[in-house]
Every structure is written in C-alpha cells, then in structure tokens.
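Enquirer: coordinates only, sequence not included:
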C-alpha cells in the first residue's frame with residue numbers, strides 16, 4: 001500500500017525564476033532559502049512520485065472547457081509549453097516524467113468516491129504553474145508526476161470545503177494502490193495577487209498572514225470555511241490557494257510555512273511551505 005509521506009506548497013509567480021533580481025535582496029534570499037530547505041526535505045522523503053496540484057492559466061483549457069478538477073494520466077509532460085515561454089520564465093523547455101498508472105488509479109478512485117473530475121490522457125503542457133516551483137524543488141526532473149488541475153482562475157470555483165475533501169480523496173486513493181509506495185503532494189499557486197487588473201502589484205498581507213495561520217493550524221474547519229468572497233478580497237489570483245487547501249487535505253496535518261514575503265516586484269504574496277504526516 002502507498003502512503004502520503006509529505007506535502008509541499010509554493011507560489012509560482014513567473015518573477016521567481018524570470019526576474020528574481022527585481023525583488024529586494026532580503027525577501028529574495030528568504031524565498032530562495034525556503035526553496036532550498038523544502039528541497040532537502042523532499043529529497044529526504046525519497047518519493048516514488050509527486051502528485052502535483054496547481055491551476056490552469058488557459059495554456060490547456062479555455063472558458064468553454066474549464067473543469068473544476070482535472071486529473072492527468074500521461075507518462076511525460078512538456079514544460080514550459082513553448083520556447084518563448086521558457087525564455088520568459090528562464091526555464092529550458094524539457095520533458096517531465098509522469099506516472100500515468102498512478103494518475104489513472106487516482107482518477108478511477110475519484111469517480112468511485114463521487115467526484116467527477118475531467119480526465120486528461122495526454123497533451124497537457126506546463127506553464128509557470130508547475131515549472132517555477134519544480135525548478136527549485138526538482139531541478140533535474142527526477143520524480144515522476146501526476147499533475148492535477150483545480151480551477152482557481154475563473155468562477156464558479158469549487159468551494160474550499162470541496163477542495164479539502166478532494167485532497168482527502170487523493171490520500172485515500174494513494175493508500176488504496178500498490179503502484180508506488182511513497183508519494184508527496186505539491187501544491188502551487190497564490191498567495192494574494194491580482195492578474196490583469198489595475199490592482200496588479202498589490203499584496204494583501206492581512207489575508208496572507210491569516211491564510212498562513214490557518215494552514216499551520218492543522219484545523220480543517222479553518223480552511224474549509226473560506227468563502228469565495230473572502231478569498232476574492234486578496235485578488236483574482238488568490239483563488240489559487242485552493243491548491244494549498246487540497247494539499248492540506250491530502251496530508252491531514254499542518255503545513256509549516258518556511259518563508260513568506262510580500263513581493264510586489266513579483267506581483268505576489270510569496271510563500272513556501274512543507275509538512276509531514278502526524279506521527280501515529
């Protein structure tokens with residue numbers, strides 16, 4: 001049987017890799033150190049696969065087809081999607097390994113658990129959603145991925161409660177299979193930011209610190225109780241925190257935020273977190 005041995009969460013602002021030098025030295029170094037510390041934990045956990053949960057920036061989906069949840073089942077993924085995007089993000093496009101069998105199992109388990117995610121059997125390409133955090137956490141692309149998409153970009157969004165329960169389903173699915181033994185969950189997105197709006201560049205520190213307190217509390221109800229309106233106060237991009245909520249559900253334990261920095265140069269309240277299951 002498999003098990004979730006850890007969970008990680010990180011912002012995925014293009015500026016983290018594309019223009020890190022624009023940020024002031026102290027916050028930039030704090031975030032980079034947090035990524036290094038998280039990578040050390042990840043390597044220590046020796047995962048057989050990473051279930052990576054992020055949002056879709058209309059690189060693969062569109063307004064006419066934007067599922068609340070989507071699970072992929074390919075054996076490899078291209079990221080960044082184009083050479084131009086790679087130059088923008090300062091990440092060389094390459095193939096990321098996938099674990100299609102695990103992805104298929106999670107999809108089938110989701111269906112049997114009364115979830116109805118979209119199935120993506122091939123053709124998924126990455127943008128900053130996965131490539132930016134993975135450049136820091138797995139720069140050699142050693143760990144096979146099961147990418148999962150949560151709608152965090154356009155209403156109507158899945159509720160915070162549903163996202164947490166989706167994470168719990170991921171944990172149960174991993175525990176119900178024998179394809180791999182050790183799995184970590186990586187959530188990417190957030191925290192507060194505005195995309196394509198006049199407020200772009202602002203950071204809602206009050207929201208970010210409240211969210212961090214909730215994610216570190218280990219209390220599911222504090223995360224499940226978020227309303228769309230509460231999240232919307234931190235920007236249209238803040239709805240990406242649904243991925244963090246799903247990761248918390250998958251871990252079933254608190255995540256510790258290794259660093260948080262409001263970085264207007266990266267247009268984002270930027271954070272990196274890690275957590276391991278409670279001792280039995």
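Expert: Looks like it came in fine. Since the structure is predicted, the reported quantities are computational estimates derived from the model, not experimental observations.

Enquirer: Kindly list the main-chain dihedrals of the residue nearest to residue 46 when sequence neighbours are not counted?
Expert: Taking CB to CB, 6 or more residues apart in numbering as the measure, residue 46 lies nearest to residue 182, with 6.1 Å between them; neighbours along the chain are not counted. All C-beta atoms are positioned from the backbone trio N, CA, C, and that covers glycine. Note on residue 182: its backbone torsions stand at phi -120, psi 120 [degrees, to the nearest 10].

Enquirer: per-residue confidence for residue 182?
Expert: According to the prediction, residue 182 has pLDDT 98.

Enquirer: And residue 64, by the same measure?
Expert: Residue-level confidence at residue 64 comes out at 86, pLDDT.

Enquirer: That one and residue 58: what is the separation?
Expert: Note on residue 64: its distance to residue 58, by CB to CB, to the nearest Å, is 11 Å.

Enquirer: still on that earlier bit, what is the residue nearest to residue 46 paired to in the beta sheet?
Expert: For residue 182, the beta-bridge partners are residue 3 (DSSP bridges).

Enquirer: what residues are up against residue 12?
Expert: Taking CB atoms under 8 Å, 6 or more residues apart in numbering as the contact definition, residue 12 lies against 54, 128-130, 132-133, 188-189.

Enquirer: repeat that with 10 Å
Expert: Shown in contact with residue 12 (CB atoms under 10 Å, 6 or more residues apart in numbering): 54-55, 57, 89, 127-134, 187-190, 240, 243, 268, 270.

Enquirer: can you tell me which of those are in strands?
Expert: In strands, defined here by DSSP state E, the members of the contacts of residue 12 are 54, 187-188, 268, 270.

Enquirer: and of these, the nearest to residue 157?
Expert: residue 54 (14.2 Å; CB to CB).

Enquirer: Okay, strands next: where are they in the stretch 51-200 of the chain?
Expert: Secondary structure of the stretch 51-200 of the chain by DSSP state E, counting those that start in this stretch: the strands cover 69-72, 76-79, 94-97, 118-120, 145-150, 182-188.

Enquirer: Please produce CSV containing the ones you listed, extended by mean neighbour count.
Expert: Putting these into CSV (neighbours: other CB atoms under 10 Å) gives the following:
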stretch, mean neighbour count
strand 69-72, 24
strand 76-79, 21
strand 94-97, 16
strand 118-120, 17
strand 145-150, 28
strand 182-188, 27
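
Enquirer: I'd say residue 250 and residue 169 touch.
Expert: Yes: using CB atoms under 10 Å, residue 250 is in contact with residue 169, at 8.5 Å.

Enquirer: Look at the two and report which has more neighbours.
Expert: A direct count of neighbours by other CB atoms under 10 Å for residue 250 and residue 169 places residue 250 higher, at 26 against 22.

Enquirer: measure that one to residue 34 for me?
Expert: For residue 250, the distance to residue 34 under the criterion CB to CB works out to 20 Å.

Enquirer: So which residues of the chain form helices?
Expert: Per DSSP state H, the chain carries helices over the ranges 15-18, 25-45, 83-89, 100-112, 128-137, 160-175, 205-217, 220-224, 228-232, 242-251.

Enquirer: As a markdown table, those helices with distance to residue 71 would be great.
Expert: Below are the helices of the chain laid out as a markdown table (distance: least, CB to CB, whole Å):
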| stretch | distance to residue 71 |
| --- | --- |
| helix 15-18 | 26 |
| helix 25-45 | 22 |
| helix 83-89 | 23 |
| helix 100-112 | 4 |
| helix 128-137 | 14 |
| helix 160-175 | 9 |
| helix 205-217 | 23 |
| helix 220-224 | 21 |
| helix 228-232 | 23 |
| helix 242-251 | 12 |
